[in-house]
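J.: No sequence on hand, only this structure:
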């Protein structure tokens with residue numbers, strides 16, 4: 001497994017990131033530990049979680065459960081310095097904190113709670129799970145209206161969060177800070193304030209990216225390259241759609257769709273024809289469709305680290321295998337044509 005620098009954070013991470021959000025819901029603690037062992041055996045040292053995990057669905061009684069499973073793995077296996085652990089603080093939402101978004105005080109409170117659950121002294125990358133303000137992520141682009149965003153209030157919020165991050169870095173509790181589900185304007189504002197005020201720099205962004213969701217390919221791509229802000233690509237398999245397991249509009253037992261029937265708004269009349277086209281490319285070129293989809297994210301002109309997760313150990317083995325797959329020019333040409341034919345299936 002190759003390693004690479006995570007932008008300007010000073011961290012060196014594996015080229016694949018292990019996603020853990022099913023640990024504690026779809027996966028038991030022992031299954032989570034088995035996935036952790038397999039990932040580490042293959043050189044995946046970069047692991048991503050969040051205080052709100054497990055998810056699909058998110059339940060108040062399971063919040064923090066995934067971090068706790070990572071914590072028990074660390075307690076049993078040791079070797080914390082082998083890993084780069086990323087986690088996130090949740091913004092305003094119905095389960096964790098319904099009345100307020102992220103503040104400096106909430107950042108400290110959430111970091112310290114995550115440290116206890118993870119049974120570690122430090123977090124390598126601490127991310128803001130989503131902005132306090134509205135954004136176009138999570139299929140909200142269809143009615144996104146930025147006219148009510150208060151620029152001055154956002155600036156005060158950002159300065160407060162970056163100031164607390166500076167303190168937490170100085171205390172050794174986090175090593176770097178990053179974004180998730182953020183916009184280009186938001187990322188630019190975070191970087192401007194950090195540079196002008198001498199505060200910590202947001203080092204990465206975790207946004208959705210896959211063959212079916214390519215919002216990152218335009219303004220974000222330019223920003224990512226010029227500002228050296230890598231993309232941590234979540235849902236590179238479009239929550240399993242690109243595996244083909246939902247083709248025919250079916251819902252297999254023990255899958256994400258069993259718990260979330262519309263897959264967070266991804267089930268549309270356009271999605272199954274698009275998936276069929278990508279499955280056809282994989283079949284014609286003798287590729288596993290999951291490996292093709294993950295490998296594609298690693299071909300981008302902007303640095304992309306796909307976050308791979310799985311329900312079963314066999315699925316995880318397949319996904320890890322994507323690191324050894326090189327897509328030929330013919331495959332890339334077929335993907336480009338299919339993207340033009342199916343540009344935004346959800």
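T.: The structure has been received and is ready for your questions. Predicted model only: the values in this text are computed from it and were never measured. Numbers count the residues shown, from 1 in each chain.

J.: Which strand or helix spans residue 178?
T.: strand 174-180 (DSSP states H and E).

J.: Parallel or antiparallel, which strands does that strand pair with?
T.: The strands beside strand 174-180 in its sheet (DSSP bridges) come out as strand 123-128 (parallel), strand 202-208 (parallel).

J.: I'd like to check what contacts the longest one. Which residues are they?
T.: Just to be clear, that refers to strand 202-208. Residues from elsewhere that reach strand 202-208, judged by CB atoms under 8 Å, 6 or more residues apart in numbering: 6-9, 11, 48, 86, 88, 125, 127, 137, 176-182, 187, 190-191, 194, 215-216, 220, 224, 229-235, 307. Where you see a C-beta, it was placed from the backbone N, CA and C, and this is true even at glycine.

J.: Write the PyMOL selection for whichever of these are buried.
T.: Entered in PyMOL, the line below selects the buried ones among the contacts of strand 202-208, by 16 or more other CB atoms under 10 Å:
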select buried, resi 6+7+9+11+48+86+88+125+127+137+176+177+178+179+180+181+182+187+190+191+194+215+216+220+224+229+230+231+232+233+234+235+307
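
J.: just checking, which of the contacts of strand 202-208 belong to helices?
T.: Secondary structure from DSSP state H places 187, 190, 191, 194, 220, 224 of the contacts of strand 202-208 in helices.

J.: Grab the two from these that are most spread out in space.
T.: Of all pairs drawn from the ones in helices among the contacts of strand 202-208, the one with the longest distance (CB to CB) is 194 and 220, at 18.4 Å.

J.: from the ones in helices among the contacts of strand 202-208, which is closest to residue 253?
T.: Nearest member of those to residue 253, counting by CB to CB, is residue 220, at 36.5 Å.

J.: Name the nearest residue to the closest one, sequence neighbours excluded.
T.: Distances taken as CB to CB, 6 or more residues apart in numbering place residue 184 nearest to residue 220, at 5.6 Å, with adjacent residues excluded.

J.: Now do the contacts for the one you found.
T.: Counting by CB under 8 Å, 6+ apart, residue 184 has contacts 219, 220, 223.

J.: and the gap between the second one and residue 48?
T.: This points to residue 220. 19 Å (CB to CB, to the nearest Å).

J.: can you check the last one too?
T.: Using CB to CB, one gets 21 Å for the distance from residue 223 to residue 48.

J.: got it, and residue 278?
T.: Residue 278 is 24 Å from residue 48, by CB to CB.

J.: could I get the strands paired with strand 174-180 as JSON lines with distance to residue 250 and mean pLDDT?
T.: Below are the strands paired with strand 174-180 laid out as JSON lines (distance: least, CB to CB, whole Å; pLDDT from 0 to 100):
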{"stretch": "strand 123-128", "distance to residue 250": "34", "mean pLDDT": "99"}
{"stretch": "strand 202-208", "distance to residue 250": "23", "mean pLDDT": "98"}
